[in-house]
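*Asks:* A structural model of the following input is requested.
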Amino acid sequence: MPDLLLELRSEEIPARMQRKAAGDLRKMLTDGLVEAGLTYEAAREYWTPRRLTLDIRGLTARSKDIHEEIKGPSTTAPEQAVQGFLRKAGLAAIAEAHVHSDPKKGDFYVAHISKPGRAAEEIIAELVPGIIRGFPWPKSMRWGPASAKPGSLRWVRPLQSILCTFGPETEEPVVVDFEIDGIRSGNVTYGHRFLAPGQITVRRFDDYVSKLEAAKVVLDADRRKEIILADARNLAFANGLDLVEDEGLLEEVSGLVEWPVVLMGEFEEAFLAIPAEVIRLTIRANQKCFVTRPQGVGDVLSNRFILTANIEAKDGGKEIAHGNGKVVRARLSDALYFWTTDQGDLPDLGQLDASAKKFGLDLKKPLDQRMARLDHLGVTFHAKLGTQGERVERIKRLAEELAPIMAKSISPLEGEMAGRPEGVVSHEAPASSVRDKALRPVGPTPSVAFGDISPSRGEITALAGRAAVLAKADLTTEVVGEFPELQGAMGRKYALLQGEQPSVAAAIEEHYKPQGPSDYVPSDPVSVAVALGDKLDTLSGFWAIDEKPTGSKDPYALRRAALGVVRILVENRIQLRLASLFASAGARYPGSGADQIRDLLAFFHDRLKVYLRDQGARHDLIDAVIAPQSDDLLQIVRRVEALGSFLDTEDGKNLLAGTKRAANILAAEEKKKTVIAETVEPALFREEAEKSLFAAVNQAEKQAGEAIQNEDFSAAMLALSALREPVDSFFEHVLVNDEDNAVRANRLALLARIRGATGQVADFSKIAG
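*Replies:* Take a look at the predicted model:
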């Protein structure tokens, strides 16, 4: 069967747009072909900085002939109905229709439509120009003399040529002929702009790829990535270094070159005094280069960097590496200036006294000065939520309120986990169950924050207050102004430089954590207190002004903030009543009240459900455990875990069946407004099974209640498991709907006791099975 090759060659396409554009081209063309009645076996897209290419294999040479009948109105229908039928069927007059008869409905019109199939070349020639004109580039441009005319062609960069061939492997393919704004399709493309700029005549995809390769163009972006990564690793290794890998940068660089040539540049070692993160971001953002480090060293960089050129230079790339080195030095000089300036005094220091007094700041310390300036300048956080200074005050109050709870909840061992050591990135290890993953402290092996002496709750409260005050201070630093993604990380460095307690410094960085489902969770009580204070203030504030996430829109990342709270509480095993915290946080906002608290709690329930489902928990068990008033997230998780384990047992499965049967009977009788006794009266028992069940329910209800009071949900399930045999026996030997109304009402009350006993743990009616 024939194959189709399409190439759209232009000036350089921005790297960030290439992958999606190639995918859009594949989808738009294949959808159009299928809609036109063609089929194909496979399609794959390719891209380089200067071309989008589509290879479609096994495309049918012609669409099928179409024969269809369109049923119309009765022959006695009014003229208006007949005219509507003619328009629908595409007939000029009713005489072109056929009359069919039906024994029941009588005579009616039918249009017999026959459409001959079309050649694939004709369909392609019609489709491609429309796709090019309507292509969904994020940004596009017009160019040349034609750009002055209305409706002129727009493309991301000037479109230079179109290659389009079609045909089977056994025959000479044909050029699918079409034209768009003076650019006519053909079978010609061009090689590398500098190394092989001449014309290349192409027949089909296989010789297209090989001829491009000979003309110094690697068509496959993934192969370009492999070449860059392998050559960069080898070059670094040959120089006694390790490559600091960066998948995002690799993706971008592969979109900047058609013929990757990996080179090494260098800068002066004096610049290594700048923090590694700043060096890496400076070189990455400005020169799209990779950094390296000495072999076997984790967080120290070398003064060599890896760049990717697009040409094979005659001098082996020496001038290219030298030129890149000059630019890197200039940018690192700027970064060094930012770094040193941030450690000096501010020029407007004399104007910051009032702000310093408000927050208890020491204006001899650089980071304190930056916090004072943030407040003094009145930098807006949100038009309806006040300034950053006001926000810091709210976070401080919440952090100080939370700190004693964190000190009590997090064990001394975990309390010494001051968070991620600088320069270390952690990833969660796989877990075998919801409990393994959800209830385990997550994050890297941290640095000791307090030495050998665990701080008192009062000391932790003071540290949390200090950390909250400095948490946003680095927003006014020069480095964060240049690289906003370093907020928090730079604050930690500056805090350590001015002698802050390590736990305070860690909290400045970690209060932003976790920033996603795979990010690590802070475990130091100071970090946790500030992180929760920050997120709860944000959520309460936006709920108070009714700026909630809607559908796919979440401009303030409130879902991420709520998920962060969920993960911090669950993975650190912290029990916290969220409703009271919402009330405390919302008290700072005039628009907050009971309705907002209920709505915000429901929002957290949704985030917890998402989190637990991602951990493998059953959705029906989550729904069974969560009640509208449930505000202790850790307790919900423990209930889900205990319920899941219980229902995996034979007793659990049978009790579930019995309890659901009881609930269904009750629901049916309640719907019929059948009388149900308020209490169970033993004197009305007629069967031994009733007496046994009543005694078992009394005991299980008491034992389960005591276990829940002690938050031992496994023990609560064990107590309920004793109901299995009495419930089974009851339904086997007792008829609930007895003819005696009093007996029936009493037996229904006994069923209600079963529902009440199990309902202490979960709503069994919501559990599947």
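*Asks:* contacts only, for Arg331.
*Replies:* Thr282, Ile283, Asn286, Gln287 (CB atoms under 8 Å, 6 or more residues apart in numbering). For every residue, glycine as well, the C-beta is placed using N, CA and C.
*Asks:* pull out the buried positions in the helix or strand Ala111 falls within.
*Replies:* According to DSSP states H and E, Ala111 maps onto strand 106-115. For strand 106-115, a neighbour-count test (16 or more other CB atoms under 10 Å) marks Phe108, Tyr109, Ala111 as buried.
*Asks:* one more: stretch 600-612?
*Replies:* Leu600, Leu601, Phe603, Phe604, His605, Arg607, Leu608, Lys609, Val610, Tyr611, Leu612.
*Asks:* now that stretch: average pLDDT?
*Replies:* What stretch 600-612 shows for mean pLDDT is 94.
*Asks:* same check on stretch 172-183?
*Replies:* 95.
*Asks:* from now on call the first residue 456
*Replies:* Yes, from this point I'll number from 456; that puts the last item at stretch 627-638.
*Asks:* next secondary structure element downstream of the helix or strand of the chain with the lowest mean pLDDT?
*Replies:* Ranking every helix and strand in the chain by mean pLDDT, DSSP states H and E puts helix 889-893 at the bottom, with a mean of 39. The helix or strand immediately downstream of helix 889-893 is helix 912-925, counting by DSSP H and E.
*Asks:* contact partners of that next one?
*Replies:* Looking at helix 912-925 with CB under 8 Å, 6+ apart, the contacting residues turn out to be 814-816, 822-823, 826, 847, 850-851, 853-855, 857-859, 861-863, 910, 946, 950, 955-956, 958-959, 962-963, 966, 980-982, 984-985, 988-989.
*Asks:* distance from the chain centre to that helix, please.
*Replies:* Distance of helix 912-925 from its chain centroid, counting by CA atoms, centre = their mean, to the nearest Å, is 32 Å.
*Asks:* report the buried residues of that helix.
*Replies:* Glu914, Ile915, Thr916, Ala917, Leu918, Ala919, Gly920, Arg921, Ala922, Ala923, Val924, Leu925.
*Asks:* and the last one, how close does it get to Pro821?
*Replies:* This points to Leu925. 11 Å (CB to CB, to the nearest Å).
*Asks:* just Glu1156 next, same as before
*Replies:* 63 Å.
*Asks:* any weak-confidence spans in the chain?
*Replies:* Scanning the chain for pLDDT under 70 picks out the ranges 866-909, 1046, 1224.
*Asks:* do that again at 50, thanks
*Replies:* 867-907 (pLDDT under 50).
*Asks:* what residues are up against the most centrally placed residue in it?
*Replies:* Compute the mean C-alpha point of the chain, and by CA atoms, centre = their mean the closest residue is Gly971, 7.1 Å away. Taking CB under 8 Å, 6+ apart as the criterion, Gly971 is in contact with Arg1015.
*Asks:* kindly report the same for Leu1175.
*Replies:* Phe1101, Leu1110, Ala1155, Ala1159, Ala1212, Thr1213, Val1216.
*Asks:* and the closest residue to the fifth one other than its chain neighbours, how far is that from Glu681?
*Replies:* Pointing back at Ala1212 there. Residue nearest to Ala1212 in three dimensions, not counting chain neighbours: Glu1156, with 4.4 Å by CB to CB, 6 or more residues apart in numbering. Computed as CB to CB, the Glu1156 to Glu681 distance reads 65 Å.
*Asks:* good, wrapping up.
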